[in-house]
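In: sequence and predicted structure below; questions after.
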Amino acid sequence: MVSRTPLILLACGSFNPITNMHMRLFELARDHLQKTGRYQVIEGIMSPVNDDYRKKGLVSARHRIAMAKLALETSDWIRVDPWESEQETWTETVKVLRHHYNESLRLLQSKKELMKNKWPIERSTEDPLSYQHSVLPELKLLCGADFLQTFKTPNLWKEEHIKEIVEKFGLVCISRAGSDPAQYISESDLLTQFQHNIFLVKEWIQNEISATQIRYALCRGLSVKYLIPDSVISYIARHNIYTEDSERKNEGDLLQPLKLHNTTVNPLND
Ligand SMILES: Nc1ncnc2c1ncn2[C@@H]1O[C@H](COP(=O)(O)OP(=O)(O)OP(=O)(O)O)[C@@H](O)[C@H]1O
Ligand SMILES: NC(=O)c1ccc[n+]([C@@H]2O[C@H](COP(=O)(O)O)[C@@H](O)[C@H]2O)c1
Ligand SMILES: [Zn+2]
């Protein structure tokens, strides 16, 4: 049997709030990558952005993490990770990737240590996927096509970070109405150079749920049932999270990545 490379998918974003589509991204990506015959998707990680990102209407990470945890209770392979949101300031995405990759290596090492101390018979029966412990895992950034499109927003991303993401890690990009990732890749020399490491996944059933639209509906008292999990709807109601006030949070503020690059335009925070 040809061994598959263990693969971890990492999605970064606001998740304000988590929607059914955010979870679908992982399912679509896993199906696509497993069908290539090259990968065994072993884990999905959702990493809600730090409050210091300063996006308009971004509610506290404490709530965004709690909602994602509730939503992911029904998944046996996707989890939410608070590391990024717990840092002092906003963290560039490539550094979040580096952190989670190092964590996966650390885990692999400790599993190997554990195996070393076991009798051979225990080793062979304990974990049917134990062969994976000897193969280095890969970590890929999972995103929607609009995320890929932001690479060309002036001053938002450092060129060397985009290069590291597509060269060292890799991207899995799910189609989204209004974005044409294939065309966008063909327009970028850097993305074209590394397109073997960019997986474009076509969503087979159009699903245009947007977290911003969910927040607007909640503010207007409209139903969002069947667009986000019931447990998340109850949490939002209990804590009265999305209001006209919360929507004004960070209004007029510059997104932290743009601030870091010292620019005066703010295309994402109008
Ligand atoms: N309907 C969708 N189709 C494809 N990708 C999506 C969809 N909704 C969200 N994503 C992806 O999920 C990730 C996290 O997105 P984000 O938290 O910004 O959610 P969003 O629904 O796009 O919110 P907003 O409307 O506030 O921008 C991004 O990579 C984004 O492209
Ligand atoms: N230079 C960078 O690393 C950079 C720039 C802009 C956004 N991002 C990330 O992309 C994601 C964008 O999320 P939203 O689509 O919700 O704005 C966030 O996780 C944010 O941290 C990273
Ligand atoms: Zn978005």
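Out: Okay, I see it. Ligands and ions are numbered 1, 2, ... in the order given.

In: residue of the stretch 101-250 of the chain nearest ligand 2, please.
Out: Taking Cβ to the nearest ligand atom as the measure, the stretch 101-250 of the chain has residue 157 as its residue closest to ligand 2, at 4.2 Å. Just so you know, the C-beta spots here come from the backbone N, C-alpha and C atoms, and that holds for glycine as well.

In: identify the residues contacting that residue.
Out: Residues counted as contacts of residue 157 (Cβ atoms under 8 Å, 6 or more residues apart in numbering) are 150-151, 257.

In: nearest to ligand 1, of those?
Out: Closest to ligand 1, out of all of the contacts of residue 157 and judged by Cβ to the nearest ligand atom, is residue 150, at 8.9 Å.

In: now, of the contacts of residue 157, which are buried?
Out: 151, 257 (16 or more other Cβ atoms under 10 Å).

In: what are the boundaries of the strands in the stretch 151-270 of the chain?
Out: Secondary structure of the stretch 151-270 of the chain, counting by DSSP state E, counting those that start in this stretch: strands at 171-174, 198-201.

In: so which of those is the most packed in?
Out: Most buried of these by mean neighbour count (mean count of other Cβ atoms under 10 Å) is strand 171-174; its value is a mean of 25.

In: so what secondary structure elements neighbour it?
Out: helix 20-35, strand 138-144, helix 145-149, strand 198-201 (3 or more Cβ pairs under 8 Å, 6 or more residues apart in numbering; DSSP states H and E).

In: deepest-packed of those, please.
Out: strand 138-144 (a mean of 23).

In: quick revisit: could I get the helices and strands packed on strand 171-174 as CSV with mean pLDDT and distance to residue 186?
Out: CSV is the format used below for those (pLDDT from 0 to 100; distance: least, Cβ to Cβ, whole Å):
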stretch, mean pLDDT, distance to residue 186
helix 20-35, 98, 20
strand 138-144, 98, 18
helix 145-149, 95, 12
strand 198-201, 98, 11
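
In: adding distance to residue 188, write the ones you listed out as JSON lines.
Out: JSON lines is the format used below for those (distance: least, Cβ to Cβ, whole Å):
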{"stretch": "helix 20-35", "distance to residue 188": "21"}
{"stretch": "strand 138-144", "distance to residue 188": "15"}
{"stretch": "helix 145-149", "distance to residue 188": "10"}
{"stretch": "strand 198-201", "distance to residue 188": "10"}
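
In: what ranges do the strands span in the stretch 1-150 of the chain?
Out: Ranges of strands in the stretch 1-150 of the chain, per DSSP E, counting those that start in this stretch, are 5-13, 39-48, 78-80, 138-144.

In: for residue 246, which of those is the nearest?
Out: Closest to residue 246 of the strands of the stretch 1-150 of the chain is strand 39-48 (Cβ to Cβ; 15.5 Å).
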